[in-house]
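Okay, sequence plus prediction incoming.
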Amino acid sequence: MLEESINSSEESTIAYLQQLISDYPLVLALIAVILLIVVVLVVLLLTWQAGNRVSQNEIKVELKQIDVASNGILVDVDALIKNVGETTVTLSEIYLHLIELNQTHVVEVEEVFGADLPCEIEV
């Protein structure tokens with residue numbers, strides 16, 4: 001008895017869907033297009049988030065104050081480091097580009113917080 005009611009329920013559902021397709025093909029096509037758009041948007045969102053995960057490993061450094069010693073060798077810089085991932089940061093090289101009287105001078109930094117580069121700092 002239970003099997004017969006399940007079979008008749010399945011048959012009525014299939015008959016209803018066939019009737020719906022024959023009566024409203026435009027509505028069905030519209031639903032299919034909307035579902036396709038949703039799938040494409042989800043794929044694009046996942047791709048965009050994957051790109052953001054890569055950029056979270058980068059840090060941003062903002063120089064607040066730069067003082068150059070009289071001998072021109074030592075540079076004291078207060079740097080505000082915004083570490084997006086809040087993990088230990090490895091500094092491998094830093095270059096300071098100083099512009100003075102339309103001339104650009106590049107200074108390679110060899111020491112950070114008293115340590116030789118590359119070094120790890122916790123932010």
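Right, received. Where do you want to start?

I'd like to know which helix or strand in the chain has the lowest mean pLDDT.
strand 119-121 (a mean of 56; mean pLDDT, DSSP states H and E).

confidence score at Leu35?
The confidence metric pLDDT takes the value 94 at Leu35.

And Leu26, by the same measure?
82.

State the distance from it to Ala32.
With distances taken as C-beta to C-beta, to the nearest Å, Leu26 is found 11 Å from Ala32. Quick note: C-beta positions are derived from backbone N, CA and C, even for glycine.

Could you check which of the two is surrounded by more residues?
Legend: neighbour count by other C-beta atoms under 10 Å for Leu26 and Ala32, higher for Ala32 (10 against 7).

Three-state assignment for the more buried one, please.
helix (DSSP: H, G, I helix; E, B strand; the rest coil).

how close does it sit to Val38?
Taking C-beta to C-beta, one finds Ala32 at 11 Å from Val38.

for Ile21, same thing?
Ile21 is 21 Å from Val38, by C-beta to C-beta.

same check, this time on Leu45
Counting by C-beta to C-beta - Leu45 and Val38 are separated by 10 Å.
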